[in-house]
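> all I have is the shape, not the residue letters:
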């Protein structure tokens, strides 16, 4: 299980933060201790405030992993002379004083390297010309609980669970959440401890399966899979599984010439597929991304964007109605929406049971936002488009995310900027945009907000996955926009091999206020893997 979190610098410290009794009820602002209650019997000393009490610096050049001990110096200047190496932290139980920073690790070389706990689990990656300050939060186990600067980043030594082995995944990234390459895999919430995972398998990966996975503590349980779609007659090219409620769901199937929707129900961990809908849409023969990602509107309705004619830059919206085991009702198509360069209409967020906020790139690179209203199987009504945005998101906005602050406020997080919109009825107002600053020049795709899966939402904080899929970024709402709180948290090599720069199929889903699930097909290889991500912070 991975632990990601954020603790602001001006958060009042508590007894849980300082264990040696020196400081209580303190605030730290810009490095200055204020409002501190210092015990009469003790004084503040440099060693007390420096965490584990280490001092000094060591400069090391190495072509192999470096293992630190309880006698290692506090500052580590590291030059790795080979790729895919790591700095392994000491047995935390041998470190007698908790605090910040326990270690300052600096990458002085040209190769990125991992930081691993004593059990060998990767906590994060340091890129060239970057440094991390590590705080020891807990030394009750040899792995310890560590914090990178202000964000907790502990990952246990067994961070993922095999969901399925065999021939899985699709060969082309033809079904996308923007450019979020689901690529034959999806995750959708059933409850706070369960999720539906769907994936492709069988000859030429033509079939689609669903399975209920549940978690308790650090254990993920994978239940029996169900064949939801047989591609014997017409092979699937990609898909999305979507839960409408804890019991009703849809499987949206993209095929070479058209699409179908398969309804299903869940009882316990048993999935039962119903009758597929009639065909609709133009399929993948005309355009690779011919179906957008659907959202649940009610326990029986979903809103689906789909390329529904030969114009590759034109999308329509349909309301799909669940009829139990019977074939679902395909609602009438809305008026056409023109998107930039034929990119998929992919950004939608529910307002209430009858309205959704949508955002897409119009004829230019600027955002277009509007409200869509649904009523049964009638054609969805498109509200007046707001075209006031002035910050270029570039083409398909490089995997933008919509964060629903509330039913009346939405933040669009893009590669280069955040945009803020408010909604009143069917009227959308553009509040403004804020340009992002470069945090890590060696990973510009990741730090600017380019994400490959919908964000994990924890209150007014979100965790987004970077372009390389294994990078996670904590962002928090400040005023009208989102700011990076923690950059470069990584699941390291658990989702790809050293010869692959990224994975292909990746999906994330928020399960509760602190828990999310991440699923991958590991660049189209033969194993589906899942891991639970925990957010710890305010």
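Ah, there it is. Bear in mind that the values here come from a model prediction, so they are computed numbers and not experimental data.
> quick one: residue 72 and residue 90 touch, right?
Yes: counting by C-beta atoms under 8 Å, residue 90 is a contact partner of residue 72 at 6.7 Å. Glycine gets a C-beta too; all of them are placed from N, C-alpha and C.
> how far away is the nearest residue to residue 361 once chain neighbours are set aside from residue 115?
Of all residues not flanking residue 361 in the chain, residue 340 sits nearest, at 3.8 Å (C-beta to C-beta, 6 or more residues apart in numbering). Distance, residue 340 to residue 115, by C-beta to C-beta, to the nearest Å: 40 Å.
> and for residue 102?
From residue 102 across to residue 115, the span is 12 Å (C-beta to C-beta).
> same deal with residue 310?
Counting by C-beta to C-beta, the gap from residue 310 to residue 115 is 52 Å.
> the more surrounded of the two?
The residue with more neighbours, out of residue 310 and residue 115 and counting by other C-beta atoms under 10 Å, is residue 115; that gives 24 against 9.
> SS state for that one?
Assigned state for residue 115: strand (three-state reduction, DSSP: H, G, I helix; E, B strand; the rest coil).
> circling back: and for the residue nearest to residue 361, the neighbour number?
Quick note: residue 340 (other C-beta under 10 Å) scores 19 neighbours.
> that one reaches residue 362, doesn't it?
Yes: using C-beta under 8 Å, residue 340 is in contact with residue 362, at 6.4 Å.
> ok, back up a step: find residues that contact each of residue 102 and residue 115.
Here residue 102 and residue 115 share the contacting residues residue 134, scored by C-beta atoms under 8 Å, 6 or more residues apart in numbering.
> by mean pLDDT, which helix or strand of this structure comes out lowest?
helix 46-49 (a mean of 32; mean pLDDT, DSSP states H and E).
> and the next helix or strand after that helix, which strands flank it?
Downstream of helix 46-49, the next assigned helix or strand under DSSP states H and E is strand 57-62. Sheet pairing for strand 57-62, assigned by DSSP bridges, gives strand 75-80 (parallel).
> tell me what whichever helix or strand comes after the strand it pairs with is packed against?
Using DSSP H and E, the helix or strand that follows strand 75-80 in sequence is strand 86-88. On a contact count with 3 or more C-beta pairs under 8 Å, 6 or more residues apart in numbering; DSSP states H and E, strand 86-88 meets strand 66-67, strand 113-116.
> out of the ones you listed, which gets the lowest mean score?
When the helices and strands packed on strand 86-88 are compared by mean pLDDT, strand 113-116 comes last with a mean of 85.
> show me what the helix or strand following that one is packed against.
For strand 113-116, the following helix or strand on the C-terminal side (DSSP H and E) is strand 122-126. The contact analysis (3+ C-beta pairs under 8 Å, 6+ apart) places strand 122-126 against strand 99-107, strand 113-116, strand 145-148, strand 481-490.
> next, the angle from strand 122-126 to strand 75-80.
Inter-element angle recorded for strand 122-126 and strand 75-80: 80 degrees (by axes from the mean of the first three to the mean of the last three C-alpha atoms, to 10 degrees).
> avg pLDDT for the following helix or strand past strand 122-126?
Past strand 122-126, further along toward the C-terminus, the next helix or strand under DSSP H and E is strand 131-138. Strand 131-138 comes out with an average pLDDT of 80.
> try stretch 305-324
Stretch 305-324 carries an average pLDDT of 86.
> do the same with stretch 267-286
In this model, stretch 267-286 has a mean pLDDT of 89.
> for it, which residues meet the burial criterion?
269, 271, 273-274, 276-277, 280-284 (16 or more other C-beta atoms under 10 Å).
> the helices in the stretch 201-350 of the chain, which residues?
Applying DSSP state H, counting those that start in this stretch to the stretch 201-350 of the chain gives no helices.
> show me where it has its strands.
In the stretch 201-350 of the chain, the strands defined using DSSP state E, counting those that start in this stretch lie at 207-216, 219-222, 226-229, 236-243, 248-255, 259-267, 270-273, 295-296, 301-306, 314-323, 326-330, 337-338, 347-350.
> just the buried positions in the first one, please.
To tie it back to what came earlier, the one meant is strand 207-216. Neighbour count says strand 207-216 has 207-213, 215 buried, by 16+ other C-beta under 10 Å.
> got a list of contacts for it?
For strand 207-216, with C-beta under 8 Å, 6+ apart as the criterion, the contacting residues are 161, 163-164, 184, 190, 193-201, 220-232, 236, 239, 241, 251, 253, 264, 266, 269, 271, 515, 517, 530, 532.
> can you say which of the residues you listed are buried?
161, 163-164, 184, 190, 194-201, 220, 222, 225-226, 228-229, 231, 236, 239, 241, 251, 253, 264, 266, 269, 271, 515, 517, 530, 532.
> how much space separates residue 279 from residue 338?
Plainly put, residue 279 is 24 Å away from residue 338 if you go by C-beta to C-beta.
> no no, residue 78
52 Å.
> okay, now the closest residue to residue 138 other than its chain neighbours: neighbour count?
Of all residues not flanking residue 138 in the chain, residue 145 sits nearest, at 3.9 Å (C-beta to C-beta, 6+ apart). Using other C-beta under 10 Å, the number of residues around residue 145 comes to 19.
> cool, and residue 413?
24.
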